[in-house]
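Enquirer: This is the structure alone, sequence omitted:
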């Protein structure tokens, strides 16, 4: 499926307001409701829309700790990367994991109840022999800007 500018507009609106009605969406993208709904269904079927969720204000629930961790593996074979990913996917407190270029292999974002829980998780990961050579932790003191949406229109509207 090749996306056109209307498809990109639909995705852009839905990523900021997944609860918008089809009528409201169709007005924003200048389509009548029926063709708009067909496009949304096609975008879902083709995997461009993976699902809908609510953004939870974690600060209202209680205190948390966000830690960004640089992780370097001992070895760099495909098996080593696969073993690490299999283990890290099972950690609920890991909310992002990126394979990166540069001085380390992965940048992992943890959200935990506090420093004790984070340290316990890291000790478990080190003890589980999944190939971690070293890690460096960066505790987020404040998060003044977090965007939940991507700049789709500027990225893909040409």
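Expert: Structure received. Just so it is clear, the model here is predicted, and its values are computed rather than measured.
Enquirer: separation between the residue with the largest distance to the centre of the chain and residue 45?
Expert: Among the C-alpha atoms of the chain, the one farthest from their average position, using C-alpha atoms, centre = their mean, is that of residue 32, at 32.1 Å. From residue 32 over to residue 45 the distance is 20 Å, taken as C-beta to C-beta, to the nearest Å. C-beta coordinates here come from the backbone N, C-alpha and C atoms, glycine included.
Enquirer: Helices along the chain, start to end?
Expert: Listed in chain order, the helices found in the chain under DSSP state H are 5-16, 22-28, 33-45, 58-61, 78-88, 115-127, 152-156.
Enquirer: Quick check: which of those is nearest to residue 134?
Expert: Closest to residue 134 of those is helix 115-127 (C-beta to C-beta; 9.8 Å).
Enquirer: Which of the residues in the closest one are classified as buried?
Expert: The neighbour-count check on helix 115-127 (16 or more other C-beta atoms under 10 Å) flags 117, 118, 121, 122, 125 as buried.
Enquirer: measure the closest residue to the second one other than its chain neighbours to residue 105 for me?
Expert: When the adjacent residues along the chain are set aside, residue 118 lies closest to residue 112, with 4.5 Å between them (C-beta to C-beta, 6 or more residues apart in numbering). Noted for residue 112: a distance of 21 Å to residue 105, by C-beta to C-beta.
Enquirer: that older thread, I'd like to know which of the buried residues of helix 115-127 is nearest to residue 136.
Expert: residue 122 (10.9 Å).
Enquirer: Spit out the contact partners of the closest residue in space to residue 69 that isn't next to it in sequence.
Expert: Spatial nearest neighbour of residue 69, excluding adjacent residues (C-beta to C-beta, 6+ apart): residue 108 at 4.7 Å. Neighbouring residues of residue 108 by C-beta atoms under 8 Å, 6 or more residues apart in numbering: 68, 69, 71, 88, 94, 96, 97, 98.
Enquirer: Residue 65 and residue 47, how far apart?
Expert: Applying C-beta to C-beta to residue 65 and residue 47 gives a distance of 34 Å.
Enquirer: And for residue 41?
Expert: Counting by C-beta to C-beta, the gap from residue 41 to residue 47 is 12 Å.
Enquirer: quick one: which of the two has more around it?
Expert: residue 41 (11 against 8; other C-beta atoms under 10 Å).
Enquirer: Tell me how far the more buried one lies from residue 34.
Expert: 11 Å.
Enquirer: ok, now residue 117?
Expert: Counting by C-beta to C-beta - residue 117 and residue 34 are separated by 50 Å.
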